[in-house]
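Q: Dropping a prediction and its sequence here:
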Amino acid sequence: MSTSRPSGPFREGDRVQLTGPKGRLHTVTLRADGELHTHHGVLRHRDLIGQADGSVVTNSSGHDYLALRPLLRDFAMSMPRGAAIVYPKDAAQIVMQADIFPGATVVEAGVGSGALSLALLRAIGADGRLASFERREDFAEVARANVETFFGESPATWEVVVGDLAEQLPNQFEPGTVDRVVLDMLAPWDCIDVVADALTPGGVVICYIATATQLSRVAEYIRGTGLFTEPDASETMVRGWHVEGLAVRPDHRMVAHTGFLLTARRLAPGAVPPEVRRRASKSSYGDEDVELWTPGAVGDREITDKNLRKRVREAQKAASGARVAAESREREQASE
């Protein structure tokens, strides 16, 4: 797997981010006969092919466009989506808080549209292993295509397992062989027991959770197992700033709450950590509480089958273009 962003002149099959008049962004996959049509005119792809990254090209109406290869952050925000993505600010925190390191064996559930998978694959490097579990085959297809589009190939360090993590994880990994587990799902407490078996002593489990009620329930469940350190919860909010001369002020809009992160570490077998004194509180949950964490209750938007099929086609088309670009680079390298 190529873990570095492609460099050099733009080639056919490359994804390019174009910034046009008034700062509007367009992301295109270069084709020899391709064209970008906007109300500002037509920009031919062949005018970009062969240009250096960071070049400025002019369309048929004389409007200039800045052309750059998308960063991982840009790609994740613009790629086709089957399910909601983990936003870059949270993906960065997951990589750091879970201490995803080169060579690590990492389990991810669920894979969604593959945004977090991309960050994890970069972090584990060429010697690591990422196993992504996803219940829905259609979401898995979108994720596979998005990952292949970004890397230009399907990474040898990555596998997607379609199925329920609680059922499939014991079949994929021996006990105590997983370094890190990332849970992005509706009811992570359902999987904590099998995660505890799979994790190596000192390993990290990190949960990406949408609501405070989910956060409370998974924290209490982890405490109740007696197999982990005290859970640590946080959220990340990002506020941009307007900086122009002496006009320095916060932006009027910000990326605030997207989800909570909760981390805990696997204890050694038989280890009993020092007691943590806490105020007494109600910490029991019954089956009737499950309704509180349904997709509708937590505000998840349902995607129609027709729309999802369209997203799958878009992702697979982009992956095909990335393969063309990768093959072009290999031919160039072979001829040098």
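A: All right, it came through fine. No experiment lies behind these values; they were computed from the predicted model shown. Residues are numbered from 1 along each chain as shown.

Q: wait, what's in contact with residue 100?
A: By C-beta atoms under 8 Å, 6 or more residues apart in numbering, the contact set of residue 100 is 94, 106, 120, 123, 124, 180. For the C-beta atoms, the positions are set from N, CA and C on the backbone; glycine is no exception.

Q: Same list (those residues) but as JSON lines, adding neighbour count, pLDDT and distance to residue 196.
A: Below are these laid out as JSON lines (neighbours: other C-beta atoms under 10 Å; pLDDT from 0 to 100; distance: C-beta to C-beta, whole Å):
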{"residue": "94", "neighbour count": "24", "pLDDT": "98", "distance to residue 196": "19"}
{"residue": "106", "neighbour count": "26", "pLDDT": "98", "distance to residue 196": "16"}
{"residue": "120", "neighbour count": "26", "pLDDT": "98", "distance to residue 196": "20"}
{"residue": "123", "neighbour count": "22", "pLDDT": "97", "distance to residue 196": "23"}
{"residue": "124", "neighbour count": "26", "pLDDT": "97", "distance to residue 196": "22"}
{"residue": "180", "neighbour count": "26", "pLDDT": "98", "distance to residue 196": "13"}
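
Q: Just flag the most distant two among the residues you listed.
A: Maximum pairwise distance among the contacts of residue 100 (C-beta to C-beta): 12.7 Å, between 94 and 124.

Q: for the chain, what helix or strand is lowest in average pLDDT?
A: Counting by mean pLDDT, DSSP states H and E, the weakest-scoring helix or strand in the chain turns out to be helix 305-335, with a mean of 76.

Q: so which of the contacts of residue 100 comes closest to residue 316?
A: residue 120 (21.7 Å).

Q: what helix or strand is the closest one on?
A: Per DSSP states H and E, residue 120 falls inside helix 115-124.

Q: Which other helices and strands does that helix contact?
A: helix 72-78, helix 88-97, strand 105-109, strand 129-134, helix 137-151 (3 or more C-beta pairs under 8 Å, 6 or more residues apart in numbering; DSSP states H and E).

Q: how about the ones you listed in JSON lines, adding distance to residue 18?
A: Converted to JSON lines, the helices and strands packed on helix 115-124 look like this (distance: least, C-beta to C-beta, whole Å):
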{"stretch": "helix 72-78", "distance to residue 18": "11"}
{"stretch": "helix 88-97", "distance to residue 18": "20"}
{"stretch": "strand 105-109", "distance to residue 18": "32"}
{"stretch": "strand 129-134", "distance to residue 18": "31"}
{"stretch": "helix 137-151", "distance to residue 18": "17"}
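
Q: To residue 272, which of the ones you listed lies closest?
A: Here helix 88-97 is closest among those (C-beta to C-beta), at 24.8 Å.

Q: Run through who's touching the closest one.
A: Residues contacting helix 88-97 (C-beta under 8 Å, 6+ apart): 72-73, 76-77, 86, 100, 115-116, 119-120, 123, 182, 204, 206, 208, 234, 236, 238, 255, 258-259, 261, 263.
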